[in-house]
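Enquirer: Sequence first, predicted coordinates after that:
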Protein chains: 2
Amino acid sequence: MPDDTTAPRRRHTRRTTGGIPQPPWRRLINPYRPLEILSADQVETIHHASLTILRDIGVEVLGGRALDLCTAAGARVERAGGARGVGGRVRLDPAQVDVLVALAPSRFELHARNPERNLVFGERHLVFGAVGGPAFVTDLDRGRRAGTAADFDAFVRVIGSLDIIHQEGGGPLEPMDLPVVTRHLDMYRTLATLLDKTWQCLGSGRTVVDDALEMVCLTRGVGREELLARPSLMTIINSNSPLRLDGPMSDGLIEMATFGQPVVVTPFTLAGAMTPATLAGALAQQNAEALFMIALAQIARPGAPVVYGGFTSNVDMRTGSPAFGTPEYVKAAIATGQLARRCGLPHRSSNVTGAAVVDAQAAYESQMSIWGSVMAGASLLYQGAGWLEGGLTASFEKLILDAEMLAQMAEVLTPFPVDDDALGLSSIAEVGPGGHFFGTAHTLERYETAFYQPMLSDWRPFETWQEDGARTATERANRIWKQLLAEYEPPPLASGVGEALDAFVARRKREIEANPG
Amino acid sequence: MPDDTTAPRRRHTRRTTGGIPQPPWRRLINPYRPLEILSADQVETIHHASLTILRDIGVEVLGGRALDLCTAAGARVERAGGARGVGGRVRLDPAQVDVLVALAPSRFELHARNPERNLVFGERHLVFGAVGGPAFVTDLDRGRRAGTAADFDAFVRVIGSLDIIHQEGGGPLEPMDLPVVTRHLDMYRTLATLLDKTWQCLGSGRTVVDDALEMVCLTRGVGREELLARPSLMTIINSNSPLRLDGPMSDGLIEMATFGQPVVVTPFTLAGAMTPATLAGALAQQNAEALFMIALAQIARPGAPVVYGGFTSNVDMRTGSPAFGTPEYVKAAIATGQLARRCGLPHRSSNVTGAAVVDAQAAYESQMSIWGSVMAGASLLYQGAGWLEGGLTASFEKLILDAEMLAQMAEVLTPFPVDDDALGLSSIAEVGPGGHFFGTAHTLERYETAFYQPMLSDWRPFETWQEDGARTATERANRIWKQLLAEYEPPPLASGVGEALDAFVARRKREIEANPG
């Protein structure tokens, strides 16, 4: 496995065939002490408010399997529609929540089909994930449109070519031209064959999880026991704030946890709409919903790996529009880090923006949320690359813009050597006052790898830039993704895996089409 | 004086006449513990390397007054051209440097003509300064061009209208249509009359400093003694790296320090060109040059206020172009904070970008440097708003973009209340699972001021945004600065001050034109 960034190191820039410079794949360690916006007392106040919410108000669960498990575990379950009803209110005692949450590991490893792409979640590790979930796709050539299987394929290839992206995000866009009931199978096959990094599955129901489990086993050539020992699959489980967990999500959560695969439990809490219009209230409610889902995972399988997900932002109180990459988002991310560390758990944050196009707003909001999340000590930066327009759209140009910002952040997290060789006092003496360092031996030794080399930034003089077409960063990003796409060569599958995946997908499609539920 | 952000507070958004929302003027306290990229040992290693540079190599000084002062203070001075030569090498012993640097205050206040605009430098205070120095100016309507007095006037008015900008930066652009020898007088008159916040003067020589001192005294209605007791004027003093201080800069530094006005001593150290191609080497040299200028200020007047300035970035090793807002820039800013705190001094960082236009690159590089600088614990974020194209150009649209990013950062630095009222558990109980919070009493009480309200971000749905003209953030910034400019009303001067400034400028122009030196 490649070295982590635990020690100062020289950068080894590589270039792809087409001359687009990229830093090499590496896992990241965040060397900075996480920011704190809450006092220790305030962390306790919010945590206890969350426990009070779970004890007195509870969570509405729309899933019979979850209700059965909660009942068996001794929770107070008020079933609507009698003992066999699939909906009901679940209340948990504070002590029980704390005991269950303490069962979750503080760190776990996720295994890719290429072991060099394995990831660690927790402690000071930092994972950058790609966009997941948008219905639309956009690029400068064709504009904004509903996603298709062809767009899905192309987007995944560019994700594969960008080494700064550690993990795929569960489908970067929705291939709307594929039948809904079997769409997940086509998506998974594309992800499993085009990428050797980990990818996320869908979390909305038992079927989409089970099919993913099977396909990951086929891809890695392992069985369920090995998958349990060395998890490979991850998904996002969202609550429907306020305080509701729907049937498919509860089933997906339970299925993942039962088979030992990590879930990223994420309340989507927009302050002012789904929570009180205060950060304290939003965080108390976010924390209550997260703790509930973590507890449910532990009920399903004690010790199941989880990531504490935070996604608290606010609405624009003038219009009701959701706002992303805002100061409130950053403060909530910092507080979320503190609440997650209070539970000893890895935590998820995101790279978000509400901008309609890839302009300066998209850049400053994304950079706000990247910095806020990393400074918060996030373990997983989900939606890390390609997210636009509040998550409605996956953008090819934004994918490149974000990859550039992530690669720069990775470099910010890399300490630099301070020793006699690096200080170069003899070189300073040699040049003396008023000279320059371009030709010194000290400089020439470091010429190629001294500094981070961007793929997107253009630092040429104005006149040179203008004569060369006066392209904005977004226009340059357009050229870059097309070049990466054209040159991408999927990492080869082991012998027979492609055929096994095809056979599985064909069989499952026949089964689903024969019995569409 | 307005409250500092020492405690959680509600935001009171005000609107200007034209409906452009701005947070009100306030001084900022950075509540976060500064990042550290160097170990304590590494800080000492760099500090001692800097002392070694000053002892063994020394600094070339091209100013007779500085050489005389250094000689009198017991420094080792090797004068070129004999005892009366105006150039020479100055070497300082480590103990002497440490003793001199320790004389500088760790905190000082700067007094504006409007006492509500007074500023504090040092401790956890954070000041946002505007762009200073570009030769060119640009906007979307007229493009990039040489600066004029009319542009200068307009730019200063927009700076005046933006309450997030605490301080003007010494002339946002060069009014090239005014005669060089008297240009500073016209610039100062514009700054003194259009702004009630502090502004910076030029630092390149005794004349430009003395004229500024006189005009500040006239504006505040005070004499030199009062100015000494309550400083009002600030300037940037740059060394010419490597290890050279020119005549005008050394004269300006001495004149400022002699009259007790703070200087921001700033080596402009581009690693790979003016320093070794390593951050350790660049920082050792930056620190040596900064310590030298701080020591010189203390020789001129023990206890003179100074700000430790860092401006270490790197060149693109492929082209030699300077690079700004890079990961190296951020790491150097963080290390600079540590080196400045080692000396117990306030420190300066900057908001920089190498982008040619106000595009996504300009936004991500500026946001990188804003976050890096604030996380480094900077006391002054100079070039905070309006800087483009490596400092060659002042941009009206960038001014608005930066003001938005700074206002958002100010909000990130503002803690939020965590108490029963803010938690709103009864509101969460009232709404219950599956409801929404739009109409609750808890929300309605907070409707107007719950969240930060941006002036530039557009969060409307894509279709609405498109139907309303599909304007990018940069195009929206164009409309905003024009509206702010049209509506700006300069804060009135005290009776007779305008006439006194006019008379001073007229007299000095006659003197300079009669004896252009």
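Expert: Arrived safely, thanks for sending. Numbers count the residues shown, from 1 in each chain, chains lettered A, B, ... in the order given.
Enquirer: just checking, residue A:234 touches residue A:200?
Expert: Yes. Contact criterion CB atoms under 8 Å: residue A:234 and residue A:200 qualify, at 5.1 Å. To be clear about C-beta, it is placed using only N, CA and C from the backbone, and glycine gets the same treatment.
Enquirer: for residue A:255, what are its contacts?
Expert: With contacts defined as CB atoms under 8 Å, 6 or more residues apart in numbering or on different chains, residue A:255 is in contact with A:206, A:209, A:210, A:213.
Enquirer: Give me the common contacts of residue A:234 and residue A:200.
Expert: By the contact definition CB under 8 Å, 6+ apart, residue A:234 and residue A:200 are jointly contacted by residue A:167.
Enquirer: which of these two has more neighbours?
Expert: In this comparison of residue A:234 against residue A:200, neighbours counted by other CB atoms under 10 Å in any protein chain shown, the higher total goes to residue A:234 at 30 against 23.
Enquirer: Ramachandran coordinates for that one?
Expert: Here the main-chain torsion angles of residue A:234 (degrees, to the nearest 10) amount to phi -140, psi 150.
Enquirer: Also residue A:128?
Expert: Here the main-chain torsion angles of residue A:128 (degrees, to the nearest 10) amount to phi -100, psi 120.
Enquirer: tell me the contacts of the spatially closest residue to it that is not a sequence neighbour?
Expert: Here the nearest residue to residue A:128 in space, its sequence neighbours aside, is residue A:384; by CB to CB, 6 or more residues apart in numbering or on different chains that works out to 4.3 Å. With contacts defined as CB under 8 Å, 6+ apart, the neighbours of residue A:384 are A:128, A:129, A:130, A:131, A:165, A:169, A:350, A:351, A:370, A:402, A:406.
Enquirer: same thing but at 10 Å, please
Expert: A:127-132, A:164-167, A:169, A:349-351, A:366, A:369-370, A:373, A:399, A:402-403, A:405-406, A:409 (CB atoms under 10 Å, 6 or more residues apart in numbering or on different chains).
Enquirer: now residue A:456
Expert: Taking CB under 10 Å, 6+ apart, we find residue A:456 in contact with A:20, A:397, A:400-401, A:403-405, A:407-408, A:473-474, A:476-477, A:479-480, B:360-361, B:364.
Enquirer: That one - nearest residue in space that isn't next to it in sequence?
Expert: Distances taken as CB to CB, 6+ apart put residue A:404 closest to residue A:456, at 4.1 Å, once the chain neighbours are dropped.
Enquirer: isn't the one you found right up against residue A:473?
Expert: Yes. The pair residue A:404 / residue A:473 is scored as a contact, 8.4 Å apart, by CB atoms under 10 Å.
Enquirer: intersection of neighbour lists for these two?
Expert: Where contact means CB under 10 Å, 6+ apart, the residues bridging residue A:404 and residue A:473 through contact with each are A:363, A:456, A:457, B:360, B:361, B:364.
Enquirer: Show me the two of those that sit farthest apart.
Expert: Using CB to CB, the shared contacts of residue A:404 and residue A:473 span at most 11.6 Å, a distance reached by A:363 and A:457.
Enquirer: how far does the helix ranked longest in chain A sit from the chain's center?
Expert: As far as residue count goes, and with DSSP state H defining each element, the longest helix of chain A is helix A:279-300. The chain centroid and the centroid of helix A:279-300 are separated by 19 Å, computed with CA atoms, centre = their mean, to the nearest Å.
Enquirer: Name every strand pairing with the helix or strand that that helix is followed by and say which way it goes.
Expert: Heading C-terminal from helix A:279-300, the first helix or strand you meet, by DSSP states H and E, is strand A:306-309. Strand A:306-309 has its sheet partners listed here by DSSP bridges as strand A:263-267 (parallel), strand A:347-350 (parallel).
Enquirer: From the chain's centroid, how far away is strand A:306-309?
Expert: Using CA atoms, centre = their mean, we find the averaged C-alpha position of strand A:306-309 to lie 11 Å away from the chain's own average C-alpha position.
Enquirer: Report pLDDT for the closest residue to residue A:58 other than its chain neighbours.
Expert: Sequence neighbours aside, residue A:91 is the residue nearest to residue A:58 in space, at 3.7 Å (criterion: CB to CB, 6+ apart). Among the per-residue scores, residue A:91 holds a pLDDT of 98.
Enquirer: Residue A:91 against residue A:74, yeah?
Expert: No. Between residue A:91 and residue A:74 there is no contact under CB under 10 Å: 11.2 Å.
Enquirer: where in chain A is pLDDT low?
Expert: Where chain A drops to pLDDT under 70, the residues are A:1-18, A:517.
Enquirer: Closest to the centroid, which residue in it?
Expert: Nearest residue to the geometric centre of chain A (CA atoms, centre = their mean): residue A:382, 1.9 Å.
Enquirer: circling back to that earlier point, now the buried members of the shared contacts of residue A:404 and residue A:473.
Expert: For those, burial is judged from neighbour counts taken by 16 or more other CB atoms under 10 Å in any protein chain shown, and it is met by A:363, A:456, A:457, B:360, B:361, B:364.
Enquirer: can you tell me how far the fifth one sits from residue A:397?
Expert: Residue B:361 sits at a distance of 12 Å from residue A:397 (criterion: CB to CB, to the nearest Å).
Enquirer: who's in contact with the host helix or strand of residue A:144?
Expert: Taking DSSP H and E as the criterion, residue A:144 maps to strand A:143-146. Under the criterion CB under 10 Å, 6+ apart, residues A:135-139, A:151, A:173-177, A:356-357, A:388-389, A:392-393, A:395, B:462-463, B:466 lie in contact with strand A:143-146.
Enquirer: let's see 6 Å
Expert: A:136, A:138, A:176 (CB atoms under 6 Å, 6 or more residues apart in numbering or on different chains).
Enquirer: Now do residue A:223: how many residues are near it, please.
Expert: Residue A:223 has 9 nearby residues by other CB under 10 Å.
Enquirer: so who does it touch?
Expert: Counting by CB under 6 Å, 6+ apart, there are no residues that residue A:223 touches.
Enquirer: Spit out the contact partners of the nearest residue to residue A:262 once chain neighbours are set aside.
Expert: On the basis of CB to CB, 6+ apart, the spatially nearest residue to residue A:262 that is not a chain neighbour turns out to be residue A:305, at 3.8 Å. Contact analysis of residue A:305 by CB under 6 Å, 6+ apart lists A:105, A:108, A:262.
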